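In: Starting from these lines, generate the structure:
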Amino acid sequence: QVIFLADHDGHAAVLGDNQPAAVLRQLGGDEVFLDQLRGFGRTGDDLLLVKLRTDGRVFFQCSEYLVSNFTVLLFGQTERIAFNISCQAYAAGRCQTGKTAVALDTILNQKGKNVVCIYVAIGQKSSSVAQLVETLKRRGAMDYTIVVNASASDPASLQYIAPYAGCALGEHFMYQGRDVLIVYDDLSKHAIAYRALSLLLERSPGREAYPGDVFYLHSRLLERSAHLSDALGGGSMTALPIVETQAGDVSAYIPTNIISITDGQIFLEIYLFFSGQRPAVNVGLSVSRVGGDAQTKAMKKAAGGIRLDLAQYREMEVFTQFSSDLDETTKRQLTYGQSLMRLLRQPQYHPMSQHDQVITLVSALHHVMQDVPLDDMGRFHTELIKYAEENMSDVCRRVDTTGQLSDPDREEILKVAKEFLEKYKAENPQNA
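Out: As a prediction, the model looks like this:
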C-alpha cells in the first residue's frame, strides 16, 4: 500500500511500504514535523509531491469587485455558488440568470490568461444552454471553453455522469500543466438524478429520499480539484459548483453537504436581485475559507474595511426604518452605505480589470463618491475610470502587472479622483 501524507500548509508526498515515516524530513523544501501530518490511504505513484492548495501566489480573478473582495479563489479550489429562490415556479426563468451570471462572467474574464474553462450543464433546458453558448461565442470565449450538456430531456443516467465526464476532461488538461476552471450548473439537479437512479435500483432512501451515499456523490467529484506541484507540471483545476436552495434554506441536505466540501460560498439572494442589486451577493452569508491569501496585495489594500462598512450600513438601515428623526452623522453614514451599494452594481458580461477595481474601491472607501447622486453613480464611475486611465496610465499598468499598490500610487489615485470630482461638479452644477 502507498500512504499519502499532507501537512497543514497543503504540501503532500507519497511514501511506500518500505519507507518509514521517520525518514520524511523534507517536504516541498520546507522542514515538516511528522506529528503535523495527516494520513490518507491512497494508491498510485501519480500522487507524488502533489500540492493540494496554494499559498496565494496564484489565483483566479473573478472580474466582479463584489465577488473578488468577499469570496476569493485560489487555483485548485472549490467555491460554491448558491441561489436563494423563494418561488419554485420561477426558478427556471429569470432567477436562473442570477446564479449562472457570476460563473459566466468568471469564464469570460479568463480570456487571454491561458485557462481552459469547462461548463457542465445538468438538467437545464436545451434552449438555455444554447443561449449561453451563443453568448460565449459572441464574446470569443468558446476558443478556450468546453461545454458538457446533459439537458432536462436526457435520461437521469446521463445527467448523473455528466459532471464526472467534465471533470475527466479537466484532469486531462491539468496533468498537461494547464490551469482549468470547471463550473457545475447545477449539483442540485445532479443529486435529484442520482436519487431517481437509486430509487429505481431499490436502494434504501434516507433523508429527503436521497440514498445514504449522496455526500460521497459530490465529495468524490469536488475533491478532484487540486493544484499539482512543479514536479507534476504545476497544473490546477478549480471547481465552481452551483447549488439551488429552496426558499432560502441554506440548511437543507444538499446545500449543507456541499458547503462542508467547498472552500467557501457565494450566496445570492432573491430580494437583492429584484431590487436591482446585481450581482445579488449576500455579504453576510458569502464567505471564503481562504480569506485574503488569494487576493493580490493591491486588492487587499484597496478593499480595506468594505465588508465592515457594508455590515454597519445594513444594520443602520434596518434600525432607521423605525425612526424618521436622524442626526447628520447617521444621515451621512446612510448616504455613504447607499453609494457603496450602488457602486457594487455591475452589468453582466462586463469584466473589470484589476486597476478598475482598485481605483473604484480606493475612491469609494475614502468617501470621494459620497456626494454623487445615486442615479448618476454609474455615469460618474465610468467617466472616473476613463479619466484615471488617461491621467495616470503608469499607475494602472503597475497595478495590473505587479499586483501591488504602493502608498504613493494610492495617494495618486485619490488625487486624480478628487480632481475628477471637482471637474464633475463644475460640469454638473445641478448635482453638486
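
In: Isn't residue 151 up against residue 130?
Out: No: using CB atoms under 8 Å, residue 151 is not in contact with residue 130, being 9.7 Å away. C-beta coordinates here come from the backbone N, C-alpha and C atoms, glycine included.

In: of those two, who's got more company?
Out: A count of neighbours by other CB atoms under 10 Å puts residue 151 above the other of residue 151 and residue 130, at 18 against 13.

In: ok, now which ones touch that one?
Out: 121, 123, 124, 125, 126, 129 (CB atoms under 8 Å, 6 or more residues apart in numbering).

In: What's the separation between it and residue 167?
Out: 19 Å (CB to CB, to the nearest Å).

In: Inside strands: which ones of the contacts of residue 151?
Out: Assigned to strands by DSSP state E, the following of these qualify: residue 121.

In: Please list only the buried members of the contacts of residue 151.
Out: Among those, those buried by neighbour count (16 or more other CB atoms under 10 Å) are 121, 123, 124, 129.

In: Go through the residues you listed and name the one nearest residue 288.
Out: Ranked by distance to residue 288 (CB to CB), the buried ones among the contacts of residue 151 are led by residue 121 at 25.5 Å.

In: any idea how far residue 259 is from the closest one?
Out: Note on residue 121: its distance to residue 259, by CB to CB, is 22 Å.

In: need the strands for the stretch 201-350 of the chain, in chain order.
Out: 227-228, 236-246, 264-268, 287-288 (DSSP state E, counting those that start in this stretch).

In: Out of these, which is closest to residue 190?
Out: Between residue 190 and the strands of the stretch 201-350 of the chain, the shortest separation by CB to CB is 8.9 Å, and it involves strand 236-246.

In: Can you give the distance of that closest one from its chain's centre?
Out: 9 Å (CA atoms, centre = their mean, to the nearest Å).

In: elements contacting it?
Out: Judged by 3 or more CB pairs under 8 Å, 6 or more residues apart in numbering; DSSP states H and E, the packing partners of strand 236-246 are strand 80-85, helix 95-108, helix 156-174, strand 179-185, helix 187-200, helix 214-222, helix 253-261.

In: Quick one: residues in contact with the fifth one.
Out: Put plainly, it is helix 187-200. Helix 187-200 has contacts (CB under 8 Å, 6+ apart) with 122-124, 156-157, 159-160, 162-163, 184, 205, 209-211, 214, 217-218, 241-244, 254, 258.

In: and if we set it to 6 Å?
Out: Contacts with helix 187-200, where a contact means CB atoms under 6 Å, 6 or more residues apart in numbering, come from 122-123, 156, 159-160, 163, 210-211, 214, 217, 241, 243-244, 254.

In: now swap in the longest one and tell me
Out: Taking contacts as CB under 6 Å, 6+ apart, the residues outside helix 156-174 that touch it are 116, 118, 120, 122-123, 146, 148, 150, 180, 182, 184, 190, 193-194, 196-197, 221, 224, 235, 237.

In: switch the cut-off to 7 Å
Out: 116, 118, 120, 122-123, 146, 148, 150, 180, 182, 184, 189-190, 193-194, 196-197, 221, 224, 228, 235-237 (CB atoms under 7 Å, 6 or more residues apart in numbering).

In: What of stretch 314-328?
Out: With contact meaning CB under 7 Å, 6+ apart, stretch 314-328 is reached by 330, 333, 334, 337.

In: Give me the pLDDT for the third one.
Out: The confidence metric pLDDT takes the value 87 at residue 334.

In: Quick check: chain neighbours aside, which residue is closest to residue 264?
Out: The shortest distance from residue 264 to any non-neighbouring residue, by CB to CB, 6 or more residues apart in numbering, is to residue 288 (3.8 Å).
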